[in-house]
Every structure is written in C-alpha cells, then in structure tokens.
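>>> only geometry, no sequence info:
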C-alpha cells in the first residue's frame, strides 16, 4: 500500500504543479517548475515505490523486467486517479476560462513524434540511472530525470504540449489545457516511446537482466 500512496502523492503534485503554473500565467517558466517538482518527488519517494509517477515510465520498467504486471496495473490506476484529482484541485483553485497560453496541438503527427521522442528520452534516462546495475546506488538519479523532463518540455513542449506522461495527459485534458480529441496522441506517443526505450535499454545492457 505504501508504494501506491507514494505514487499517488508524486503524480498528484506533478499534475497540480503543471496546471497551476500554466493556467496561472507562468507558462514560459513551467518546465523549470515541472522538472523541479518531479526531481524532488523522485528523491522523496524513489526508495519506496521507484517514483515512477507516470504510466509510461511504469510500462518501460515493466518491459525492462523490474516490476510485475499486477503491481504495474496498480501503479497505473493510482497514477491516473491522482492526475484526475489534481486536475479538479487546479480547477478549484483557478476556476474559469483557460489562458490563451494553452494552445491546442497544431498537428497530430508532429505531436505524436514529439511525445514519443520526449517520453523515450525520459524513460531511457530512468532505466539507465534508476534501474541499471552500473548506476546502482547513485545519488543523481532524481536530478537527471527532472532535468530530462525540463529539457524536453522546452524542446518540444510548443509542438505537443510536452506531457510525456499519460496521467498528465488526462489531467491537462480535464483542465482544458489540451483537447480530448488528441488524448490518443499522448497515449500512443508516450507508451510507444516507453516501449522503444525499454527495447534500447535491453539491447544496450544485455547482461543486466
């Protein structure tokens, strides 16, 4: 149970931070806030649950062989619930119309590629700094993961919205920062990028079973 509570807390504060920063009018600085809260929550919960806070990361870790399917499903449920509740909290804090900074995805194809690349980078880093034998016991994993999200959000955020996380995608859809019509882009892109990262990890680390 403590793993699920940890996953809920981390995902909740991640999605809430995204909503409050973007809707609050600080979209240009959003990647800094998002990367920072992700980093701190990873350091806080990494020793308990692995600090995924992201169904795509959980999927990559599952394919990598470091979590069982039953536990992964539990993570996915908790992460999505946390994203939904966080979205309603944001709407409670800041009711009304969304700001013009919340632009719809202009092109589904480009958005799909952007989400896949961003999620690949995130999951590739997670698998190598938080699950690999070669980096076992390091103290930089949270910083590396948080900065990956920060960098990818600045790099492709204007193209896709920079979710890299299905729980975030559901949350921003509820907050009307993204259209429900493009939710499939986030789901396919995120899980596709995660699967590719897991494949690359297994090829690059054949001895790390």
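Perfect, thanks for sending it. Bear in mind that the values here come from a model prediction, so they are computed numbers and not experimental data.
>>> counting contacts, what elements does the strand or helix carrying residue 62 pack onto?
Assigned by DSSP states H and E, residue 62 belongs to helix 55-64. Judged by 3 or more C-beta pairs under 8 Å, 6 or more residues apart in numbering; DSSP states H and E, the packing partners of helix 55-64 are helix 69-93, helix 108-130, helix 166-174, helix 183-204. The C-beta positions use only the backbone N, C-alpha and C, and glycine is treated the same way.
>>> Using JSON lines, lay out these together with distance to residue 143.
What follows is the helices and strands packed on helix 55-64, written out as JSON lines (distance: least, C-beta to C-beta, whole Å):
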{"stretch": "helix 69-93", "distance to residue 143": "22"}
{"stretch": "helix 108-130", "distance to residue 143": "9"}
{"stretch": "helix 166-174", "distance to residue 143": "20"}
{"stretch": "helix 183-204", "distance to residue 143": "19"}
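>>> re earlier: show me the contact partners of the helix holding residue 62.
Helix 55-64 is touched from outside by 50, 52, 67-69, 72, 75-76, 79-80, 119, 122-123, 126-127, 131, 164-167, 190-191, 193-195, 197-199, 201-202, with contacts defined as C-beta atoms under 8 Å, 6 or more residues apart in numbering.
>>> Got the phi and psi for residue 26?
phi -110, psi 40 (degrees, to the nearest 10).
>>> Just give the nearest non-adjacent residue to it, would you?
residue 33 (7.3 Å; C-beta to C-beta, 6 or more residues apart in numbering).
>>> Tell me, how many residues neighbour the one you found?
Neighbourhood size, residue 33 [other C-beta atoms under 10 Å]: 18.
>>> my read: it touches residue 17, true?
Yes: judged on C-beta atoms under 8 Å, residue 33 makes contact with residue 17 at a distance of 5.6 Å.
>>> Any figure for the gap between the residue most central in space within the chain and residue 10?
Computing the C-alpha centroid of the chain and ranking residues by C-alpha atoms, centre = their mean puts residue 165 first, at 3.5 Å. Separation of residue 165 from residue 10 (C-beta to C-beta, to the nearest Å): 11 Å.
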